[in-house]
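> Sequence first, predicted coordinates after that:
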Amino acid sequence: MPDEPKSEIDRELLQLRLDYAWRWFALHAKQRMTMFNYFLVASGILANAYGLLLREDFWEAAIVAASIGCLAGLVSWGLDVRNRQLVKLAEEVLANIEGDYVFPAESLASPADSPSSGILAREAKGREPSFLFKHRFLIVSLELVVTGGFLAAAVYACCMR
């Protein structure tokens with residue numbers, strides 16, 4: 001464990017590092033969820049457009065709408081992967097600050113996975129939810145299912161025209 005911040009400058013530097021990492025985390029976590037929300041809205045609009053175009057027998061336009069939906073899904077997935085990488089960078093810094101200064105192991109009488117240890121440390125020790133209930137799995141799964149649905153819709157419209 002690093003030495004406890006001894007001077008005001010050390011404390012200010014630690015606070016600056018914490019603020020920097022937290023702002024980085026908050027920005028990219030919010031950006032990730034905002035992009036996902038835009039994806040959901042765009043998918044709904046494109047699915048409605050596709051259905052309307054099929055009903056009116058505009059097959060070529062339906063193919064275009066479904067293709068745009070498929071492309072939007074792939075772009076959303078790519079942006080989600082990148083935002084997840086950026087969030088993970090901040091989590092690593094925050095975990096170090098948490099372990100070194102907020103919940104240093106030497107100052108705790110309880111084990112690392114107890115409620116009195118840090119949040120990120122507890123998650124790393126197996127207290128995290130099953131993979132099926134993580135945002136990463138749920139968001140990516142929905143993006144890929146919707147993308148596959150748009151791909152199937154484009155193929156259907158191609159075959160039916």
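Yes, it's here.

> Would you point out the helix or strand in the chain whose mean pLDDT is lowest?
helix 119-122 (a mean of 72; mean pLDDT, DSSP states H and E).

> Show me the strands in the chain, by range?
Using DSSP state E, no strands are found in the chain.

> got any ranges where it has weak pLDDT?
Scanning the chain for pLDDT under 70 picks out the ranges 1-6, 105-117, 122, 124, 126-129, 131.

> quick one, longest helix in it?
helix 8-55 (DSSP state H).

> how many neighbours does residue 16 have?
By the other C-beta atoms under 10 Å criterion, the neighbourhood of residue 16 contains 10 residues. Backbone N, C-alpha and C define where each C-beta goes, glycine included.

> likewise the one 3 residues further on?
Other residues within reach of residue 19, judged by other C-beta under 10 Å, total 10.

> And for the one 5 residues further on?
Applying the criterion other C-beta under 10 Å, we find 17 residues in the vicinity of residue 24.

> That one: what's it in contact with?
86, 89-90, 93 (C-beta atoms under 8 Å, 6 or more residues apart in numbering).

> can you pick the most crowded of those residues?
In terms of neighbours by other C-beta under 10 Å, these top out with residue 90 at 19 neighbours.

> which one is that one nearest to, not counting chain neighbours?
Nearest non-adjacent residue to residue 90, counting by C-beta to C-beta, 6 or more residues apart in numbering: residue 25, 3.5 Å away.

> just checking, that neighbour touches residue 87?
Yes - using C-beta atoms under 8 Å, residue 25 is in contact with residue 87, at 6.1 Å.

> Spatially nearest residue to residue 89 (excluding sequence neighbours)?
Nearest residue to residue 89 in three dimensions, chain neighbours excluded: residue 24, at 7.1 Å (C-beta to C-beta, 6+ apart).

> State the distance from that neighbour to residue 81.
In this view, residue 24 and residue 81 are 17 Å apart by C-beta to C-beta, to the nearest Å.

> and the nearest residue to residue 143 once chain neighbours are set aside, how many neighbours?
Using C-beta to C-beta, 6+ apart and skipping residues adjacent in sequence, the residue nearest residue 143 is residue 77, 4.6 Å away. The local packing of residue 77 (other C-beta under 10 Å) involves 18 other residues.
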